[in-house]
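In: this is a predicted model, with the sequence first.
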Amino acid sequence: MAQDFRNTLAREIGTGDTTILTAGNYDAVIGIRCCNIVATTILVDVKIAKGGADYFIAKGVNIPPNSAIELIQGGAKIVLASGDVLEAVSDTASSLDVVMSYIDTISS
């Protein structure tokens, strides 16, 4: 079965929830990299919004200046059902870039 690998990029995320991806028909997230682009330490949340509730992948994670963190490692995956929304937020305005890789529509 052929896989449809994709990425999504979000730049200069700040203090409001920012949508990284709204899932289609079962997408598999295979990588999330969060990078601090400012000169001070930031706190970052990455979460899945589903049915009015938030499910955190990372909450209040410290990222030092000019550093990055990888949230999915070692072959791990997170499956998003149709309509799930992956979001990121920082405690500092325009401070966070996110690069996410995923496989589109792993099941129909």
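Out: Received the coordinates, thanks. Everything quoted here is computed from the prediction, not taken from an experiment.

In: any weak-confidence spans in the protein?
Out: 1-2, 107-108 (pLDDT under 70).

In: tell me where it has strands.
Out: 5-13, 18-22, 27-36, 42-50, 53-63, 68-70, 78-80, 85-90, 96-103 (DSSP state E).

In: okay, those in CSV with mean neighbour count next?
Out: Using the backbone N, CA and C atoms, a C-beta is placed for each residue, glycine as well. Formatted as CSV, the strands of the chain follow (neighbours: other Cβ atoms under 10 Å):
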stretch, mean neighbour count
strand 5-13, 14
strand 18-22, 17
strand 27-36, 20
strand 42-50, 19
strand 53-63, 13
strand 68-70, 14
strand 78-80, 17
strand 85-90, 21
strand 96-103, 21
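
In: you'd agree Gly83 is up against Lys50?
Out: Yes - the pair Gly83 / Lys50 is scored as a contact, 7.4 Å apart, by Cβ atoms under 8 Å.

In: ok, and what's touching stretch 31-39?
Out: For stretch 31-39, contacts defined as Cβ atoms under 8 Å, 6 or more residues apart in numbering pick out 12, 20, 42, 44, 46, 57-58, 61, 63-72, 86, 88, 92, 94-102.

In: please apply the same query to stretch 57-64.
Out: Taking Cβ under 8 Å, 6+ apart as the rule, stretch 57-64 contacts 32, 34-36, 41-48, 69, 71, 78, 96.

In: just confirm Ile106 contacts Tyr26, I think it does.
Out: Yes - applying Cβ under 8 Å as the test, Ile106 and Tyr26 come out as touching, 5.0 Å apart.
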